[in-house]
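> Fold the stuff below for me.
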Amino acid sequence: MHESRGYDNFLRAKRLKGDVHVQPFITEWLSDDMSGKKFYTWLGSMKSNADLDVVLDEFGRAEFVAKSRTLPDWADSEKMVEGSRFFIRHSDTIMSLLGLLSLPYCYAAADGAMVLYLTERLRDRPAKRLSDTADFIWDVMAPNAFSNDGKGFASCLKIRLTHALARHYVWRSDYWNEDLKTPVNQEDIAGTNLAFSLMVIRGLRKLGLALSYEEQQSFMHLWNVIGYLLGLDEELIPQDGKSATLLESAIRKRNFKSSIQGKALTKALLDHISEDSSIPLSSQETHQIVRFLLGDEVADILAVPPVAGLEYAPAFLKLSARLPRFDSGNILMAYRERHAAFLKART
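Next comes the predicted model:
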């Protein structure tokens, strides 16, 4: 890919770019109250891939909508199924890593954290945001996610539109300025995609799990397909582990720095996790685990303090991650069993 200074220039250009296919569509549909109401009604009713039939009838003249159920030419169905199988096998741990690693990692990118902060949902309603993100992950990780009876296409389109809405409103915020470039830009989307793919793999390894090369590649491939459906430029979709590592390193070096917004988002999230009765972790234990997973440098950026005497805390997560998982022979049945257990624990 692009090396050193050339790579930096490449990412700087991507930081100026949002989603050129979707943004004019959003501007048009929010141009008056009646159209806006129709748009939000449609957005709220989009629950499954089957619902996209209605969407295509109403909005199919927009190219990105017409292609919303089309996988990229390079999508490998076998790898996607194996990526789903990998998720199902480790779903308990991966969903824990969502709040303890992936989301805090995203908040360390100061400008991206500003967008999330301005949307207020994460700051004021961390439980809702965590729940919505978890639902999205379960939707796209299902073995039938991109079949007629799945939810993956619909969920990806909904998130893509939500990103465009965030740009629309943040651009109009008194707190946004041109120095911050484009909100929810291509570099930020790439970083978020890596937070849920590469960083999860690193988190699982850090917890002591031995992962095969094939498992890692399949999981990354599934997230590459998801990134494509979210409107991520193909130049920012790494096709192997080395490219993913280089991209993550470059994005981190360019964007990770201390910010009031990143610290506030992290505090709201970790306070929620500590107060959640379904998660048996104290505030100090949560901090120690997050610090272990993120590493000292990123934890310091987010003001996640070290806690003396609680070095044992990550051991609980390590033990849980290594517990044997007994899958049903049928992958879809195994997915439904794990998903049902997750939803039960959440209520």
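> Which of the helices and strands in the protein ranks last by mean pLDDT?
helix 121-124 (a mean of 55; mean pLDDT, DSSP states H and E).
> continuing past it, what's the next helix or strand?
Using DSSP states H and E, the helix or strand that follows helix 121-124 towards the C-terminus is helix 126-141.
> elements contacting that next one?
Under the contact criterion of 3 or more Cβ pairs under 8 Å, 6 or more residues apart in numbering; DSSP states H and E, helix 126-141 touches helix 77-89, helix 91-97, helix 121-124, helix 152-171, helix 213-229, helix 260-275, helix 331-346. Using the backbone N, CA and C atoms, a C-beta is placed for each residue, glycine as well.
> Quick one: mean pLDDT for stretch 195-212?
In this model, stretch 195-212 has an average pLDDT of 96.
> tell me which residues in it are buried?
By 16 or more other Cβ atoms under 10 Å, the buried positions in stretch 195-212 come out as 195-204, 206-207, 209.
> Same check on stretch 334-347?
334-335, 337-339.
> Need those in JSON lines (columns: distance to residue 245).
Converted to JSON lines, these look like this (distance: Cβ to Cβ, whole Å):
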{"residue": "334", "distance to residue 245": "30"}
{"residue": "335", "distance to residue 245": "29"}
{"residue": "337", "distance to residue 245": "34"}
{"residue": "338", "distance to residue 245": "29"}
{"residue": "339", "distance to residue 245": "31"}
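> Distance check, residue 65 against residue 229.
Relative to residue 229, residue 65 is positioned 12 Å away (Cβ to Cβ, to the nearest Å).
> cool, residue 303 as well?
Distance from residue 303 to residue 229, by Cβ to Cβ: 35 Å.
> Among the two, which residue is more densely surrounded?
residue 229 (24 against 14; other Cβ atoms under 10 Å).
> Now do that one against residue 41, distance only.
23 Å.
> for residue 202, same thing?
For residue 202 relative to residue 41 (Cβ to Cβ), the value is 41 Å.
> just residue 214 next, same as before
Distance from residue 214 to residue 41, by Cβ to Cβ: 44 Å.
> how many neighbours does residue 306 have?
Around residue 306 there are 13 residues (other Cβ under 10 Å).
> Backbone dihedrals for residue 182, please?
phi -90, psi 130 (degrees, to the nearest 10).
> Not counting its neighbours along the chain, what's nearest it?
Leaving aside its chain neighbours, residue 182 sits nearest to residue 18 (4.8 Å; criterion: Cβ to Cβ, 6 or more residues apart in numbering).
> Equivalent analysis for residue 148, please.
Closest to residue 148 by Cβ to Cβ, 6+ apart is residue 49, at 5.9 Å.
> ok, now which ones touch that neighbour?
Applying Cβ atoms under 8 Å, 6 or more residues apart in numbering to residue 49 gives the contacts 69, 146-154.
> picking that back up, go through the buried residues of stretch 334-347 and say which is closest to residue 234.
Taking Cβ to Cβ as the measure, residue 234 lies nearest residue 335 of the buried residues of stretch 334-347, at 28.2 Å.
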